[in-house]
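Visitor: sequence and predicted model, in that order:
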Amino acid sequence: MTIKSLHKDKIKILLLEGVHQSALEVLKSNGYSNIEYVKSALDDEELKQKISDVHFVGIRSRTQLTDDVIAHANKLAAIGCFCIGTNQVNIEAAQIRGIPVFNAPFSNTRSVAELVLGETLLLLRGIPEKSALAHRGVWQKTAVGSVEARGKTLGIIGYGHIGTQLGILAEHVGMRVKFYDIETKLPLGNASQVDSMTELLNTADVITLHVPETASTQNMMGVAEFDAMKQGAIFINAARGTVVDIDALAEAIESKKLGGAAIDVFPVEPGSNDEEFVSPLRAFDNVILTPHIGGSTKEAQENIGREVSGKIVKYSDNGSTLSAVNFPEVSLPAHTDRSRLFHIHHNQPGVLTQINKAFAERDINIAAQYLQTDDKIGYVVIDVETHHAETALKELKAIDGTIRARLIH
Ligand SMILES: NC(=O)C1=CN([C@@H]2O[C@H](COP(=O)(O)OP(=O)(O)OC[C@H]3O[C@@H](n4cnc5c(N)ncnc54)[C@H](O)[C@@H]3O)[C@@H](O)[C@H]2O)C=CC1
Ligand SMILES: O=C(O)C(=O)COP(=O)(O)O
């Protein structure tokens with residue numbers, strides 16, 4: 001009897017944080033029906049328990065997949081981040097266990113850029129404060145402190161997908177766009193790159209952050225950086241909460257150094273809509289506070305649902321790791337008349353030679369083979385005649401340096 005790959009009914013998928021229904025549609029239409037759908041994030045203990053027997057997990061920005069949590073995921077084949085950021089996942093811990101991590105690198109870019117542009121226009125007019133006062137019966141009809149966006153300088157820190165998109169939108173309302181990035185970037189439209197963050201802070205009327213959460217961005221805005229901003233400037237953060245020293249920001253608002261702010265992400269965010277949101281910024285009417293909804297639009301969520309679930313299906317069906325954030329990228333055309341296996345190994349010299357030698361000794365003809373490596377791991381997808389699949393899998397599992405080997409179909 002020849003071995004068979006795991007039947008799709010047996011492949012367990014856990015989707016957390018209410019990912020869009022489009023993800024379920026894609027998975028189900030591709031034959032994956034064993035899906036548990038949870039609307040919120042889970043706490044550490046519940047997560048460890050639920051993740052222990054699933055093959056795929058889908059999360060958003062809230063679920064923390066630490067080394068410890070991943071260590072409990074005995075059967076986990078891949079992780080889908082139904083968002084842009086992957087900082088909530090220990091991607092090295094996943095990689096070293098042979099688990100690719102997928103995300104949707106630009107499905108909600110436009111949504112964030114639109115929100116930030118809208119907030120810029122409102123804050124330059126002092127609208128959040130005037131609106132809050134009006135709600136309390138105070139009529140504050142005045143032009144003092146209200147300016148047009150036209151001709152003002154927007155300073156973008158982190159000129160990637162979101163930063164560039166925002167720059168283009170802002171030019172449409174006549175803003176001058178400057179940006180700071182650790183990489184040299186092609187300026188779009190009439191934007192210009194500055195050499196230092198200080199230069200940007202000194203000259204921009206609005207500063208907005210669009211950097212990922214990394215060691216280099218941790219608390220990149222603190223007391224000194226707020227001091228360096230123009231008197232009365234506007235500050236916006238829709239990147240990650242850890243990028244800003246929140247007490248320093250509260251102080252800069254309190255002292256009126258800043259004219260206003262819009263903050264979408266926080267060092268500590270509630271795990272669900274039932275938890276109270278606690279922040280020193282709640283005290284200020286001139287700060288727009290939003291519950292991490294920069295990417296929360298119908299369009300973005302629907303696209304993300306399709307994109308990330310599509311990547312999970314392609315990995316599960318064909319072994320394709322195209323666009324994985326922590327894995328060598330391999331995509332072989334599907335050959336349904338043959339069997340396909342993959343082998344994930346520590347990147348040490350001679351693994352492919354060992355595989356080819358072992359197959360040759362067993363008379364296993366390789367119909368197609370594709371290897372890619374990065375500095376830590378190697379990933380090879382191999383097609384063989386179906387009657388050789390069982391022996392091939394056995395040989396792959398015995399190769400020195402193997403992390404995991406599997407029969408895909
Ligand atoms: N509020 C929300 O709902 C959302 C938040 N985000 C956050 O926005 C971040 C940015 O997203 P994208 O533009 O798609 O990322 P991206 O990767 O396209 O761009 C990030 C840019 O930041 C630059 N950068 C990195 N470290 C830097 C540093 N220390 N100083 C200056 N520049 C630095 C990079 O070179 C790159 O150009 C994401 O990583 C995520 O954390 C993304 C989507 C939604
Ligand atoms: O895409 C991102 O990185 C975000 O921050 C959006 O996260 P969310 O899916 O809204 O939890």
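Guide: Thanks, I have the structure now. Residues are numbered from 1 along each chain as shown. Ligands and ions are numbered 1, 2, ... in the order given.

Visitor: show me the helices in this structure, by range?
Guide: According to DSSP state H, the chain carries its helices in the segments 21-29, 44-51, 67-71, 91-96, 109-124, 127-135, 161-172, 197-203, 223-228, 246-254, 298-318, 351-361, 389-397.

Visitor: and the pLDDT at the residue in the stretch 301-409 of the chain positioned nearest to ligand 1?
Guide: Residue nearest to ligand 1 within the stretch 301-409 of the chain: residue 304 (9.9 Å; C-beta to the nearest ligand atom). For the C-beta atoms, the positions are set from N, CA and C on the backbone; glycine is no exception. If you check residue 304, the pLDDT there is 98.

Visitor: surely it meets residue 105?
Guide: No. With contact defined as C-beta atoms under 8 Å, residue 304 and residue 105 do not form a contacting pair (10.2 Å).

Visitor: who's more crowded, these two?
Guide: Using other C-beta atoms under 10 Å as the criterion, residue 304 and residue 105 rank with residue 304 on top: 26 against 16.

Visitor: for the chain, which residues are neighbours of ligand 1?
Guide: By C-beta under 6 Å from any ligand atom, the residues of the chain that approach ligand 1 are 84-85, 108-109, 112, 157-163, 180-183, 210-214, 216-217, 238-240, 264-265, 292, 294-295.

Visitor: which among these end up buried?
Guide: Buried subset of these (neighbour count, 16 or more other C-beta atoms under 10 Å): 84-85, 108-109, 112, 157-163, 180-181, 210-211, 213, 217, 238-240, 264-265, 292, 294-295.

Visitor: how about the most centrally placed residue in the chain, nearest residue that isn't a chain neighbour?
Guide: By C-alpha atoms, centre = their mean, the mean C-alpha position of the chain lies nearest to residue 85, the distance being 2.2 Å. Of all residues not flanking residue 85 in the chain, residue 61 sits nearest, at 5.6 Å (C-beta to C-beta, 6 or more residues apart in numbering).

Visitor: give the contact list for that neighbour.
Guide: 17, 81, 83, 85, 88, 292 (C-beta atoms under 8 Å, 6 or more residues apart in numbering).

Visitor: can you tell me which two in the residues you listed are farthest apart?
Guide: Of all pairs drawn from those, the greatest distance, 14.4 Å, lies between 81 and 292 (C-beta to C-beta).

Visitor: redo the contacts of residue 61 as a markdown table? Include pLDDT.
Guide: Output for these, formatted as a markdown table (pLDDT from 0 to 100):
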| residue | pLDDT |
| --- | --- |
| 17 | 96 |
| 81 | 98 |
| 83 | 97 |
| 85 | 96 |
| 88 | 97 |
| 292 | 98 |
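
Visitor: just the residues you listed: which are in strands?
Guide: residue 81 (DSSP state E).

Visitor: nearest to ligand 1 among the contacts of residue 61?
Guide: Once C-beta to the nearest ligand atom is applied, the member of these that ends up nearest ligand 1 is residue 85, at 3.6 Å.

Visitor: is it true that that closest one touches residue 212?
Guide: Yes. Using C-beta under 8 Å, residue 85 is in contact with residue 212, at 6.4 Å.

Visitor: which residues do these two both contact?
Guide: residue 240.

Visitor: number of nearby residues for the nearest residue to residue 377 once chain neighbours are set aside?
Guide: In space, and not counting its chain neighbours, residue 377 is closest to residue 347: 5.5 Å by C-beta to C-beta, 6+ apart. Residues near residue 347, counting by other C-beta under 10 Å, number 14.

Visitor: quick one: residue 347 and residue 379 touch, right?
Guide: No. At 9.5 Å, residue 347 does not count as touching residue 379 under the criterion of C-beta under 8 Å.

Visitor: joint contacts of those two?
Guide: Counting by C-beta under 8 Å, 6+ apart, the shared contacts of residue 347 and residue 379 are residue 373.

Visitor: circling back to that earlier point, quick check: phi and psi on the residue nearest to residue 377?
Guide: phi -80, psi 80 (degrees, to the nearest 10).

Visitor: report how many residues lie close to the residue nearest to residue 79 when sequence neighbours are not counted.
Guide: In space, residue 79 comes closest to residue 101 once its chain neighbours are excluded; the distance is 4.6 Å by C-beta to C-beta, 6+ apart. Other residues near residue 101 come to 20 when the count uses other C-beta under 10 Å.

Visitor: ok, residue 101 - contacts?
Guide: By C-beta under 8 Å, 6+ apart, the contact set of residue 101 is 78-81, 86, 89, 91, 94-95, 324-327.

Visitor: now render these as CSV, adding distance to ligand 2 and neighbour count.
Guide: Shown next, in CSV, are the contacts of residue 101 (distance: C-beta to the nearest ligand atom, whole Å; neighbours: other C-beta atoms under 10 Å):
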residue, distance to ligand 2, neighbour count
78, 18, 21
79, 14, 28
80, 12, 28
81, 8, 27
86, 8, 22
89, 11, 24
91, 14, 21
94, 17, 24
95, 20, 21
324, 16, 23
325, 12, 16
326, 16, 22
327, 19, 25
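
Visitor: coming back round to it: now the helices of the chain as a markdown table including distance to residue 143?
Guide: Compiled in a markdown table, the helices of the chain are given as follows (distance: least, C-beta to C-beta, whole Å):
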| stretch | distance to residue 143 |
| --- | --- |
| helix 21-29 | 46 |
| helix 44-51 | 52 |
| helix 67-71 | 54 |
| helix 91-96 | 50 |
| helix 109-124 | 12 |
| helix 127-135 | 11 |
| helix 161-172 | 23 |
| helix 197-203 | 24 |
| helix 223-228 | 26 |
| helix 246-254 | 22 |
| helix 298-318 | 36 |
| helix 351-361 | 71 |
| helix 389-397 | 73 |
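
Visitor: I appreciate the help and will end here.
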